[in-house]
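*Asks:* Provided below for reference: sequence and predicted model.
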Amino acid sequence: MAATTHLPDASSPPDPTSSSASGAHRASYASPDDVYLSDLLSYSLERLGREPELLRSESQRLEKQLHGVAVKHCTSFVSVEDGLESVRKEMELAKQRLDKLAKSAPKLERSCQECLSKTEGLLQESKNNRTLMQNHSSVMDLLEIPTLMDTCIRNGNYDEALDLEVFASKLATVNSESKVARMLHQEAVEIKQSMMVTLLDKLKSSIQLPECLRVVGYLRRLGSYSEVTLRLKFLACRESWLQEEVAKLDMEGFGTYDFLKKLTDAHRVHLFDIVMQYRAIFADDASAQDAEIHNKGNQCTFQSDGGVLYSWGSHRVSCYLDLLRRNLPRLTQGNDLASVLEHSMYCGMSLGRVGMDFRELLAPIFETSAESLLANGLQVAVETFQVALAKHDWDPLLASAAAATSAQDKYRDVQSDTSPPQDLLQYYPLAVLVGAPSRSILSALNELRHCAFTSCAESCARLLTSTLHVASLALAKAHKSAGKNAQSVGNCAQVYAEVAVPYVQSCFDRIFVGKRTSVDLLHAVQPLNAIVSKAKRTALKPKT
C-alpha cells in the first residue's frame with residue numbers, strides 16, 4: 001500500500017486548499033493507508049479516473065531518481081562493502097580467540113579448585129594425624145572391639161559380646177561422621193550375625209532345657225527376629241537336630257526291627273523333650289493350654305488358637321508315620337510287627353501327655369503291613385506247593401479213596417484239635433502246603449495271629465481264599481497231566497478239598513474269633529469239584 005501512496009507532482013507546487021494538503025495534514029494523525037483511502041473518498045470522479053496514470057508516472061520518477069543516486073554514490077557503496085568485509089573478518093578472528101579463551105578458562109578454574117582441595121585435604125590430614133597421635137592408645141582399644149567380640153563368642157561369653165556390640169552401635173550414633181566409628185559398627189554387626197549362627201547351631205545339637213533358655217534369651221537380645229519368627233526358628237533348629245538323629249539310626253546299619261524300635265524310642269523321647277522345652281521357653285503360647293485333639297475316623301487333627309507348636313508336631317508325627325510305612329514291609333515275622341506296634345502305641349500314649357496322641361493313625365498302617373505279611377507268606381506257600389507237586393512221585397498204592405473218606409471222618413471227630421490232621425501226611429505236597437513248619441499256610445497264619453486286626457479280617461479271608469483257589473488250580477492241572485496216576489491225584493484232591501481246606505478255615509476262624517467273615521470254601525475248591533466227585537464215585541464202586 002505504501003507503493004501506491006499518492007505524491008504530488010514535483011513541477012507544480014502543492015495547493016494548500018487541495019485535498020492532498022488536507023490528506024498530508026491528516027497523515028500526522030493516521031496511517032498512510034488510512035490517509036490515502038480518505039483522500040480517495042474525497043476525490044471527484046474525474047480525478048479518480050486519472051489516479052492510476054498519476055501513480056504510474058510517480059513510480060517511474062522514483063525509479064529514475066533511485067537509479068541516479070546509485071550511480072552517483074557507487075564508489076561509496078563499494079567502500080562501505082569493503083569496510084564491512086574487513087570488520088566481519090576481524091570479528092571472526094576475535095570470536096575464535098574468545099572461544100579459545102572460554103575453553104581454557106574452565107580448565108584453569110578446575111586446576112585452581114584441585115589445588116585448593118588438595119591443600120585443604122593435606123591440612124585436614126595433618127590435623128587428623130596430630131589428633132590420632134594424641135589419642136593413639138584409645139584408638140587402639142576401639143579398633144580391638146571386633147576381635148574382642150569374636151574372642152568372647154568363641155569362649156561362650158555372649159553377654160560381654162552383646163555389650164561390646166551395643167557400645168559400638170552407640171559410638172557410631174554419636175560419631176556419625178567418623179569413618180572409623182562406622183567401620184567398627186559394621187564389623188560388630190557382622191560378628192553379631194556370626195554369633196546368631198553359632199546360637200542357632202547350638203539349638204541344632206543335643207541340649208537340655210537350661211541351655212535352651214540361655215540360647216533363646218541371647219537370640220532375643222540380638223533383636224534379629226520377631227517373637228513369631230523366633231519360635232519358628234527354634235522349632236526348625238530342633239527339627240534339624242531330630243532329623244540328624246534319625247539319619248544316624250539309619251546309617252548305623254541296624255536291622256529293620258531294631259531300627260523301627262530305636263526310631264520309635266527316639267521320637268518318643270525327643271519329641272516330648274522338644275515340646276516341653278518350647279512350652280517352658282515360650283510360656284505365653286496359648287496353644288499350649290488350649291490345644292485339643294479331635295479324632296475323626298482314622299485321622300488325628302490338631303486344633304488350637306494358632307500355635308505353631310502343634311503344626312510342627314503334626315508334621316513330625318506325619319514324618320514318623322511315613323518312616324513306618326516305608327520300613328514295615330521289610331519285616332518278615334509277625335511277632336516283630338506286633339512288637340513294633342506295641343512300641344508305637346506306647347509312644348503315642350506317652351506323647352498324648354503333650355497333645356500328640358497318634359495311636360489311631362497307626363491302625364491303617366499296621367493293617368496294611370499285616371495283610372502284606374500274610375500275602376507274602378501265602379505266596380511263598382503256594383510256590384513251595386507247586387514245586388513239591390511237580391516233583392512228587394504219585395504211587396497208587398500209597399493212598400485210596402477209602403482212606404481219604406476215613407481221614408475225613410477222623411478229621412470231623414477231632415475238629416477241635418488245632419494241630420494239622422495226620423492224614424495230610426499221605427500226600428507230601430499237601431503236608432508242605434498246609435502244615436510245614438515254614439513256607440506253608442499254617443506258618444503264614446501263625447505270623448498273622450501276632451497282629452491280627454479284626455478290621456482286616458475280610459481282606460485276609462479274600463487273600464486266603466485266593467491262595468486256596470490257586471492251589472486248587474495247581475492240583476487240577478496236575479490231575480490233567482497225571483495220566484495213569486490220575487486216581488492218586490484225584491484222591492489227593494479229595495483230601496485237599498475235604499480235609500485240608502476245612503482245617504485251614506478252622507485255623508483262620510480261630511485267629512479272628514467272633515467275626516462272621518471266613519474263607520469261601522466253595523470258591524476255594526471250585527476247580528476240583530469234578531475231580532472230587534469222580535474220586536468219590538470211584539471209591540464207592542465194589543472191588544472185583
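*Replies:* Okay, I see it. Residues are numbered from 1 along each chain as shown.

*Asks:* Now do whichever strand or helix holds E367: which elements does it pack against?
*Replies:* Secondary structure from DSSP states H and E places E367 in helix 362-391. With contacts defined as 3 or more C-beta pairs under 8 Å, 6 or more residues apart in numbering; DSSP states H and E, helix 362-391 has these neighbours: helix 308-327, helix 334-351, helix 428-434, helix 441-449, helix 457-480. Just so you know, the C-beta spots here come from the backbone N, C-alpha and C atoms, and that holds for glycine as well.

*Asks:* can you tell me how far S176 sits from Q124?
*Replies:* Counting by C-beta to C-beta, to the nearest Å, the gap between S176 and Q124 amounts to 18 Å.

*Asks:* At which residues are the strands of the protein located?
*Replies:* 292-296, 299-303 (DSSP state E).

*Asks:* just for this structure, where's the confidence low?
*Replies:* In the predicted model, the chain carries pLDDT under 70 at residues 1-30, 284-306, 395-418, 515-517, 539-544.

*Asks:* In it, where's the longest helix?
*Replies:* helix 74-134 (DSSP state H).

*Asks:* how far out from the middle of the chain is that one?
*Replies:* What separates the centre of helix 74-134 from the centre of its chain is 66 Å, taken as C-alpha atoms, centre = their mean, to the nearest Å.

*Asks:* Equivalent analysis for stretch 457-473, please.
*Replies:* Relative to the centre of its chain, stretch 457-473 is centred 45 Å away, using C-alpha atoms, centre = their mean.

*Asks:* same check, this time on stretch 197-213
*Replies:* 26 Å.

*Asks:* now what about it, what contacts it?
*Replies:* With C-beta atoms under 8 Å, 6 or more residues apart in numbering as the test, stretch 197-213 has contacts from 153, 158, 215, 218-219, 222, 233-234, 237-238, 240-241, 244, 273, 276-277, 280-281.

*Asks:* buried set for that stretch?
*Replies:* Judged by neighbour count (16 or more other C-beta atoms under 10 Å), stretch 197-213 contains these buried residues: 198-200, 202-204, 207, 212.

*Asks:* Looking at the residues you listed, which are in helices?
*Replies:* Counting by DSSP H, those contribute 198-200, 202-203, 212 to helices.

*Asks:* gap between stretch 239-252 and the chain center?
*Replies:* 22 Å.

*Asks:* how much space is there between Q65 and E53?
*Replies:* 19 Å.

*Asks:* what does R88 give?
*Replies:* Taking C-beta to C-beta, one finds R88 at 46 Å from E53.

*Asks:* again with R238
*Replies:* 122 Å.

*Asks:* When the two are compared, which one has more neighbours?
*Replies:* R238 (24 against 9; other C-beta atoms under 10 Å).

*Asks:* Could you count how many residues lie near the closest residue to H270 other than its chain neighbours?
*Replies:* Distance criterion C-beta to C-beta, 6 or more residues apart in numbering; nearest residue to H270, sequence neighbours excluded, is L242 at 5.4 Å. L242: 20 surrounding residues under other C-beta under 10 Å.

*Asks:* And for P420?
*Replies:* With other C-beta under 10 Å as criterion, P420 counts 20.

*Asks:* so it touches V434, yeah?
*Replies:* Yes: taking C-beta atoms under 8 Å as the definition, P420 is a contact partner of V434 at 5.9 Å.

*Asks:* got a list of what the residue nearest to A338 when sequence neighbours are not counted touches?
*Replies:* Excluding the flanking residues, the one nearest A338 by C-beta to C-beta, 6+ apart is H450, at 4.0 Å. Counting by C-beta under 8 Å, 6+ apart, H450 makes contact with 334-335, 337-338.

*Asks:* What backbone torsions are found at H450?
*Replies:* Dihedral pair for H450: phi -70, psi -30, per degrees, to the nearest 10.

*Asks:* ok, L361 - how many residues close by?
*Replies:* 19.

*Asks:* Kindly provide the distance from it to R130.
*Replies:* Distance from L361 to R130, by C-beta to C-beta: 78 Å.

*Asks:* Equivalent analysis for W394, please.
*Replies:* W394 is 119 Å from R130, by C-beta to C-beta.

*Asks:* who has more neighbours, those two?
*Replies:* W394 (21 against 9).

*Asks:* What residues does the more buried one make contact with?
*Replies:* With C-beta under 8 Å, 6+ apart, W394 has these contacts: 482, 485, 488-489, 492.

*Asks:* repeat that with 10 Å
*Replies:* Contacts for W394 (C-beta atoms under 10 Å, 6 or more residues apart in numbering) come out as 427, 429, 478-479, 482-489, 491-492.

*Asks:* Could you do T467 as well?
*Replies:* 374-375, 377-379, 381-382, 385, 433, 441, 444, 504, 519, 524.

*Asks:* let's see it at 7 Å
*Replies:* Neighbour list for T467: 378, 381-382, 441 [criterion: C-beta atoms under 7 Å, 6 or more residues apart in numbering].

*Asks:* Any chance of CSV for the residues you listed, columns distance to L98 and neighbour count?
*Replies:* Below are the contacts of T467 laid out as CSV (distance: C-beta to C-beta, whole Å; neighbours: other C-beta atoms under 10 Å):
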residue, distance to L98, neighbour count
L378, 112, 24
A381, 116, 25
V382, 114, 21
I441, 118, 29
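
*Asks:* Tell me which two of those sit farthest apart.
*Replies:* V382 and I441 (8.6 Å; C-beta to C-beta).

*Asks:* and L389, how many neighbours does it have?
*Replies:* 22.

*Asks:* can I assume it is in contact with A478?
*Replies:* Yes: judged on C-beta atoms under 7 Å, L389 makes contact with A478 at a distance of 5.4 Å.

*Asks:* rewinding a little: between the ones in helices among the buried residues of stretch 197-213, which is closest to S318?
*Replies:* Looking across these and measuring by C-beta to C-beta, the closest to S318 is L203, at 22.1 Å.

*Asks:* Next, work out how far apart the closest one and S314 are.
*Replies:* According to C-beta to C-beta, L203 stands 21 Å off from S314.

*Asks:* H270 against Q243, yeah?
*Replies:* No: H270 is not in contact with Q243 according to C-beta under 7 Å; the separation is 10.5 Å.

*Asks:* Mind checking which of those two has more residues around it?
*Replies:* H270 (17 against 13).

*Asks:* returning to that earlier point: show me the one of the helices and strands packed on helix 362-391 that comes nearest G255.
*Replies:* helix 334-351 (9.2 Å).

*Asks:* Give the buried residues for that closest one.
*Replies:* Of the residues in helix 334-351, those buried (16+ other C-beta under 10 Å) are 334, 336-341, 343-345, 347-348, 350-351.

*Asks:* Spatially, which two of those residues are the most separated?
*Replies:* G334 and L351 (25.8 Å).

*Asks:* if we can go back for a sec, which of the contacts of stretch 197-213 fall in helices?
*Replies:* Going by DSSP H, the helices hold 153, 158, 215, 218-219, 222, 233-234, 237-238, 240-241, 244, 273, 276-277, 280-281 from these.

*Asks:* Residues that sit against both of P420 and V434, list them.
*Replies:* Common neighbours of P420 and V434 (C-beta under 7 Å, 6+ apart) are 442, 503.

*Asks:* show me what contacts L184?
*Replies:* 142, 145-146, 168, 171-172.

*Asks:* Next, format these as a markdown table and append neighbour count and distance to P106.
*Replies:* Formatted as a markdown table, the contacts of L184 follow (neighbours: other C-beta atoms under 10 Å; distance: C-beta to C-beta, whole Å):
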| residue | neighbour count | distance to P106 |
| --- | --- | --- |
| L142 | 15 | 44 |
| I145 | 19 | 47 |
| P146 | 21 | 46 |
| A168 | 25 | 45 |
| L171 | 19 | 43 |
| A172 | 19 | 40 |
